[in-house]
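Asks: okay, sequence plus prediction incoming.
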Amino acid sequence: MLFSRTVNDSLSRRTVLGTALGGIALVGCSPHDSHAAKTPDTPALPVREPGVQIVQGTSDGTPPPTADGILITPHSEHVVQSVTTVKELTGPAASLLGLDPCAAGPGNELVIATFKRPDAPPYSGGGSVRASAVVTAGKTATAIDLFGQYNSATKMYPKILPQTVIACVPTGTAVLLRVTDSGRTASLDLRTGKRGTDATPLSAYRSAAKPGKDHTATGAVITRPGGRFLPEGGKYDLEFGIADASFGLTPWAPGRGWAPRRMTWAVLGDLTISGGIADTPSKKRKLIVDNALDLAATFHLTPADGRPLPAQRGTFKVPIVAIPYGDSNPPDLVWAVPDTFTRGVIRIQPQGTLTVSYSDGDVPAAWVSRPVAYTFPVTVS
């Protein structure tokens, strides 16, 4: 579901390439040779072979610039804690990374970037879409998986301790984290911690506080039978679970893909909807109401200074809690809005097809008194 931090999990709602540490082409230090001149009393440092290694530990580097150091894609998130470039690793610096002291060879240097455990990706649920991550240095690319696949059920990553990328490369070589997700590639410079121009701005992923309170929509229904059935009616409640829902903006959404230029997707996710059993006036009979909500007609979003926008087309069969059966989670509700969107109002007015189920057949029904429309504001930041 998106925005499980937010929009969430469901707005979900993301994973990186499953390459374990043992599967990464690791490099180490060779005990022969040294790039630095040493005194006769100082042992030569082992020379580190060129390449990329991932270790568990931290480096005492420089934090990335404010508002940088974070790379978000629909199904992944990477957060740089510190970056540094050195010629050798000795003493405490090597110990923090669980390594023996070593040095880069002549003409090489060590580019080191420590990542901390990220928040949940915008989309962390199931599905076939995955994100893949590599570290590139010149013409070489090494597949990595820093923290493993996020588990939306436990809300955890397999790894929780900081992970550090160590790249032994020719001096001045660009070292980039490149993440490919849903057909697009975004990069982050591991020397500086800055996002590349191909990366989506962080402002594209914004979420709102919990959007509103749970709401009970109460109306009255009546059957429209033919043949031997007689009309019956009664009070009917719809329960909208809004308190634990999520609302946010995302440039990519399942089934919608990437938003058009200068637009983004506004997503209401983690909503629950359930129905009751209608009471007849005598209360001696109960009416089992099947309600197929028309999503586009039921849910509207009105941006500030804009016009009402219907949600995507589709229907949702409301489960009857008293029985119970069915899934109370409708699909995420998605609207295309300008990428300058900051606030708006969501309106819920139940619309759709009603039927009443009897043991020997179903008959159509209709609203005698439709529930009053319910509105609540949403603001993203």
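Replies: Alright, I've got the coordinates. Just so it is clear, the model here is predicted, and its values are computed rather than measured.
Asks: kindly format the C-alpha coordinates of the top helix by length along the chain as CSV.
Replies: For the chain, the helix with the greatest residue count under DSSP state H is helix 91-96. Only the C-alpha atoms of helix 91-96 are listed here, as CSV (Å, rounded to 0.1, in the frame of the first residue of the first chain):
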residue,chain,number,x,y,z
GLY,A,91,42.9,2.4,12.6
PRO,A,92,39.4,3.3,13.8
ALA,A,93,38.2,4.0,10.2
ALA,A,94,38.9,0.4,9.2
SER,A,95,37.6,-1.0,12.4
LEU,A,96,34.2,0.7,12.0
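Asks: which positions in it come out as buried?
Replies: With burial defined by 16 or more other Cβ atoms under 10 Å, the residues of helix 91-96 counted as buried are 93-94, 96. Bear in mind the C-beta positions are built from the backbone N, C-alpha and C, glycine included.
Asks: secondary structure class for residue 191?
Replies: Classification of residue 191 using DSSP: H, G, I helix; E, B strand; the rest coil returns coil.
Asks: make 33 the starting number, not 1.
Replies: Sure thing, new numbering starts at 33, so read that last one as residue 223.
Asks: neighbours of it, how many?
Replies: Residues lying near residue 223 (other Cβ atoms under 10 Å) number 19.
Asks: same check on residue 276?
Replies: 11.
Asks: and for it, nearest residue in space, chain neighbours not counted?
Replies: Among residues not flanking residue 276 along the chain, residue 302 sits closest, at 6.1 Å (Cβ to Cβ, 6 or more residues apart in numbering).
Asks: hmm, the one you found is touching residue 277, no?
Replies: Yes: look at residue 302 against residue 277 with Cβ atoms under 8 Å: they come within range, at 4.8 Å.
Asks: if we can go back for a sec, next structured bit after the longest helix of the chain?
Replies: Using DSSP states H and E, the helix or strand that follows helix 123-128 towards the C-terminus is strand 134-136.
Asks: note down every partner strand of that following strand and its orientation.
Replies: strand 79-80 (parallel), strand 120-121 (antiparallel) (DSSP bridges).
Asks: turn the ones you listed into CSV, including mean neighbour count.
Replies: Below are the strands paired with strand 134-136 laid out as CSV (neighbours: other Cβ atoms under 10 Å):
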stretch, mean neighbour count
strand 79-80, 22
strand 120-121, 22
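Asks: how much space between residue 168 and residue 325?
Replies: Distance of residue 168 to residue 325, computed by Cβ to Cβ, to the nearest Å: 48 Å.
Asks: neighbour count winner among those two?
Replies: Using other Cβ under 10 Å, the more surrounded residue of residue 168 and residue 325 is residue 325, with 23 against 18.
Asks: any idea how far residue 311 is from the more buried one?
Replies: If you go by Cβ to Cβ, the gap between residue 325 and residue 311 works out to 21 Å.
Asks: quick one: mean pLDDT for the longest helix of the chain?
Replies: Helix 123-128 carries an average pLDDT of 92.
Asks: please consider this matter closed, and thank you.
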